[in-house]
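1. Make a model of this:
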Amino acid sequence: MVQGGGSVQGYIRERTIKIGRCLVETRHTVRAIAKEFGVSKSTVHKDLTERLPEINPDLAEQVKHILEYHKSIRHLRGGEATKIKYKKSAAQKQEMIAAGKR
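-> Numbers count the residues shown, from 1 in each chain. Below is the predicted model:
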């Protein structure tokens, strides 16, 4: 049951199962899956954590483990993104300095 006591509508149910299967098959992040399906990260997260356990508990269990893994490594992904950002910034500064000396 979903908020208000009603059942999950057909298209939401189908989307939830497709998103769950996609996560298990690809192991992509919630953000990447949201972009792929054209919905928000919040929608994907709600589908996976609230709706999927009611619809398909076995798939939901697999999804839960993947989401827990993603959560456990998010600090590493964030750190890597910051590292790349600053390397790119430093390279641009060097290019500007080199262009100014010409």
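2. contacts, neighbours, all on C-alpha from now
-> Will do.
3. and the helix or strand harbouring Ile73, what's its mean pLDDT?
-> Per DSSP states H and E, Ile73 falls inside helix 57-100. The pLDDT scores in helix 57-100 average 86.
4. so what does that helix touch, helix or strand wise?
-> helix 10-26, helix 52-55 (3 or more Cα pairs under 8 Å, 6 or more residues apart in numbering; DSSP states H and E).
5. what distance separates the longest one from the centre of its chain?
-> Here the centre of helix 10-26 is set off from its chain's centre by 13 Å, with Cα atoms, centre = their mean, to the nearest Å.
6. Next, the angle from that helix to helix 57-100.
-> Note on geometry: by axes from the mean of the first three to the mean of the last three Cα atoms, to 10 degrees, helix 10-26 and helix 57-100 are set 70 degrees apart in direction.
7. Not counting its neighbours along the chain, what's nearest Ile55?
-> The spatially closest residue to Ile55, leaving aside those adjacent along the chain, is Arg13, at 7.3 Å (Cα to Cα, 6 or more residues apart in numbering).
8. Confirm for me that the one you found is in contact with Glu54.
-> No: using Cα atoms under 8 Å, Arg13 makes no contact with Glu54, being 9.8 Å away.
9. Which of the two has more residues huddled nearby?
-> For the pair Arg13 and Glu54, the greater number of neighbours falls to Arg13 (18 against 14), based on other Cα atoms under 10 Å.
10. ok, that one to Leu52 distance?
-> Distance of Arg13 to Leu52, computed by Cα to Cα, to the nearest Å: 8 Å.
11. same thing with Thr16?
-> Separation of Thr16 from Leu52 (Cα to Cα): 6 Å.
12. need the contact list for the residue nearest in space to the middle of the chain.
-> In the chain, the residue lying closest to the centroid (Cα atoms, centre = their mean) is Val30, at 1.3 Å. For Val30, the contact set (Cα atoms under 8 Å, 6 or more residues apart in numbering) comprises 41, 44-45.
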